[in-house]
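Colleague: starting from these lines, generate the structure:
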Amino acid sequence: METFRLNSKLRENEKEILIQTANNPSEGTISSSIYIDGVLTEMFMLPHPMEENPDKVMSLVKETHGIRRDELEALLAAYRSAMSSSDSKLIGKLGQALYYKRLYSEAKELLRSAVTLDPECHATRQVLAKVELELGNVKGALEHGAQAVRQCPRYADYRNTLGEILMINNDFDKAISEFQDAVQINLYYAEAYFNLGLAML
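Modeller: Down below sits the predicted model:
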């Protein structure tokens with residue numbers, strides 16, 4: 001069977017976003033990949049019956065590609081319209097979605113706006129700490145991570161994130177303390193146990 005390949009390019013804030021979708025005849029799959037400035041950020045894969053005729057497979061490739069492109073275009077359009085919104089919850093949720101899509105600078109812009117509108121929104125602060133860390137701003141990550149922990153000291157995820165930031169900042173004693181608190185709050189928190197072991201090493 002033939003391989004069908006579709007490409008779409010989007011631009012946002014001087015970033016080039018490439019969506020690439022193709023079928024793999026030997027595996028009977030369709031994969032759709034998203035690249036931001038040449039770096040793979042997401043990949044979706046779905047099976048199709050091996051015996052499908054080429055027209056049907058081409059139709060599935062087009063449909064899959066269209067869904068990924070439409071989703072990303074809608075997210076970017078929502079980002080642009082959110083810039084003038086005053087709904088901190090909406091802005092925070094959208095910033096979180098952009099974080100998971102690895103659109104970090106756009107996520108930061110929205111999340112900072114959300115915490116300015118609602119300084120008590122600890123969940124937004126937690127994600128902002130992660131975004132700052134991804135962008136290499138350890139000081140900003142520490143500030144927001146510590147504030148999220150102060151606002152909700154019994155959230156194991158917040159303590160684990162703060163511990164990761166502290167570890168990157170070479171503050172291992174404080175990182176160990178945060179990881180220990182995280183596993184005391186949630187005895188089944190495998191990631192925090194792993195991080196605790198790393199910090200101790």
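Colleague: so what secondary structure elements neighbour the biggest helix by length in the chain?
Modeller: In the chain, taking DSSP state H as the definition, the longest helix is helix 54-82. Judged by 3 or more CB pairs under 8 Å, 6 or more residues apart in numbering; DSSP states H and E, helix 54-82 is in contact with strand 5-12, strand 15-24, strand 29-36, strand 39-47, helix 88-100, helix 104-117. Just so you know, the C-beta spots here come from the backbone N, C-alpha and C atoms, and that holds for glycine as well.
Colleague: make a markdown table out of the ones you listed and add mean neighbour count, distance to residue 182 and mean pLDDT.
Modeller: Output for the helices and strands packed on helix 54-82, formatted as a markdown table (neighbours: other CB atoms under 10 Å; distance: least, CB to CB, whole Å; pLDDT from 0 to 100):
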| stretch | mean neighbour count | distance to residue 182 | mean pLDDT |
| --- | --- | --- | --- |
| strand 5-12 | 13 | 35 | 93 |
| strand 15-24 | 18 | 34 | 93 |
| strand 29-36 | 18 | 31 | 94 |
| strand 39-47 | 12 | 28 | 91 |
| helix 88-100 | 20 | 21 | 93 |
| helix 104-117 | 21 | 22 | 94 |
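Colleague: to residue 169, which of those lies closest?
Modeller: helix 104-117 (18.8 Å; CB to CB).
Colleague: now the residue nearest to residue 44 when sequence neighbours are not counted, which residues is it bridged with?
Modeller: Using CB to CB, 6 or more residues apart in numbering and skipping the chain neighbours, the partner closest in space to residue 44 is residue 32 (4.7 Å). Taking DSSP bridges as the rule, residue 32 bridges to residue 21, residue 44.
Colleague: lovely, talk soon.
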